[in-house]
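> Just to be clear, the model below is a prediction. Sequence and coordinates:
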Amino acid sequence: QVQLVEFGGGLVQSGGSLRLSCAASGSDFSIKAMGWYRQAPGKQRELVATVNNDGNTNYADYVKGRFTVSRDIPKNMMYLQMNSLKPEDTAVYYCNADWVFRSSPQWSFTKWGPGTQVTVST
C-alpha cells in the first residue's frame with residue numbers, strides 16, 4: 001500500500017510563492033506517475049499538473065508559466081513550485097499517485113493524499 005501526505009500549504013499574498021511537497025511511503029510499491037489537483041469551495045476537483053517517471057509534465061492552462069511540478073524519484077517525493085499566486089488559486093491541493101505493487105505489477109491503483117490548504121489573499 002501507498003500513503004501520500006502533502007505539506008507546505010498556507011496563507012500567502014497575491015503575487016507571492018509557495019512550494020508544496022508530497023511524500024509517498026509504504027512497502028512493495030512502484031509509482032508510475034504523480035500529479036497535483038485542487039478543489040476550491042463549491043467547485044469540482046481539477047487538474048493542476050502531472051509528471052511521469054520519464055519527467056514528462058502536463059499543466060492546466062490556468063497555471064502554465066506560473067507553476068512547476070517536479071519529482072525526486074529515489075526519495076518518492078513530488079513538488080509543486082507555485083509563483084505569481086492569484087486569489088483564484090485558493091483551494092485545497094491534493095497529491096495523486098498511480099502505483100503498482102512491485103511483486104504484482106499487472107494491477108494499477110490510484111491513491112490520493114488528504115490535501116493541504118492554499119489561501120491567496122488580495
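Okay, I see it. Numbers count the residues shown, from 1 in each chain.

> all contacts plus neighbour counts: C-alpha atoms, from now on.
OK.

> so what's Thr57 up against?
Contact partners of Thr57, counting by CA atoms under 8 Å, 6 or more residues apart in numbering, are 49-51, 69.

> now, which of the residues you listed sits nearest Lys32?
For those, the residue nearest Lys32 by CA to CA is Val51; the value is 9.2 Å.

> so Val100 makes contact with Phe29?
Yes: the criterion here is CA atoms under 8 Å, and Val100 meets it with Phe29 at 5.7 Å.

> Comparing the two, which residue is more hemmed in?
Val100 (20 against 17; other CA atoms under 10 Å).

> Just the buried residues of stretch 21-35, please?
21-24, 29-35 (16 or more other CA atoms under 10 Å).

> Among those, which one sits closest to Met77?
Nearest to Met77, judged by CA to CA, of these is Ala23 at 4.8 Å.

> picking that back up, is it possible to get CSV of the buried residues of stretch 21-35 that adds distance to Ser108, secondary structure and pLDDT?
Supplementary listing: the buried residues of stretch 21-35 in CSV, determined by distance: CA to CA, whole Å; DSSP: H, G, I helix; E, B strand; the rest coil; pLDDT from 0 to 100:
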residue, distance to Ser108, secondary structure, pLDDT
Ser21, 23, strand, 98
Cys22, 20, strand, 98
Ala23, 19, strand, 98
Ala24, 16, strand, 97
Phe29, 10, strand, 94
Ser30, 10, strand, 93
Ile31, 10, strand, 95
Lys32, 9, strand, 94
Ala33, 11, strand, 96
Met34, 13, strand, 97
Gly35, 15, strand, 98
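
> Let me have those in a markdown table, adding distance to Lys43 as columns.
Putting the buried residues of stretch 21-35 into a markdown table (distance: CA to CA, whole Å) gives the following:
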| residue | distance to Lys43 |
| --- | --- |
| Ser21 | 23 |
| Cys22 | 23 |
| Ala23 | 26 |
| Ala24 | 27 |
| Phe29 | 32 |
| Ser30 | 32 |
| Ile31 | 28 |
| Lys32 | 28 |
| Ala33 | 25 |
| Met34 | 22 |
| Gly35 | 19 |
